[in-house]
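Q: One predicted model, sequence on top.
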Amino acid sequence: MTDDQAALTRMQTITISFPELEQLPQERCEEVLRRCMAGPEMRQLRARWSRYSAFGGAAVGCAIAIIAYLILHRSTTTTFIAAAIGVVVSHAVVMVLKPVAEFRLLRQLLRQELLEHPASG
């Protein structure tokens, strides 16, 4: 039990820093980040990536199933396994790329926000 607690205290957390916000006071940083994260552009990006995950996984799974069915002597078990692997890999790729896209959009929105409202920053 004590080993688990010691491991948790040593665990590192992921910290993301934004160079755009380094000179701002903490309250202003939180306000700007909150406004950018709640903006319509970020909501649209999240909705778009949710669709990519669903439709992309289905499209990749179907494509792999068709190819596997044609190549692997019409083995339904192998075709099903190949399609399932394709769907899982597709979802994993989306899970990795979605935060990258959100980070890039957030940096762009932060720059826009600070250019539009420089007096309060």
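A: Nice, I can see it. Numbers count the residues shown, from 1 in each chain.

Q: so which helix or strand takes in residue 65?
A: Element membership of residue 65, judged by DSSP states H and E, is helix 40-71.

Q: Check which element follows the helix or strand of the chain at the bottom of the mean pLDDT ranking along the chain.
A: Ranking every helix and strand in the chain by mean pLDDT, DSSP states H and E puts helix 2-10 at the bottom, with a mean of 64. Sequence order places helix 26-37 as the next helix or strand after helix 2-10, per DSSP H and E.

Q: rewinding a little: roughly how far is whichever helix or strand comes after the helix holding residue 65 from the heart of the chain?
A: The helix or strand immediately downstream of helix 40-71 is helix 76-116, counting by DSSP H and E. On the basis of Cα atoms, centre = their mean, to the nearest Å, helix 76-116 sits 5 Å off its chain's mean C-alpha point.

Q: What helices and strands are in contact with helix 76-116?
A: Using 3 or more Cβ pairs under 8 Å, 6 or more residues apart in numbering; DSSP states H and E, the elements in contact with helix 76-116 are helix 26-37, helix 40-71. The C-beta positions use only the backbone N, C-alpha and C, and glycine is treated the same way.

Q: Help me confirm that residue 113 comes into contact with residue 32.
A: Yes. The criterion here is Cβ atoms under 8 Å, and residue 113 meets it with residue 32 at 5.4 Å.
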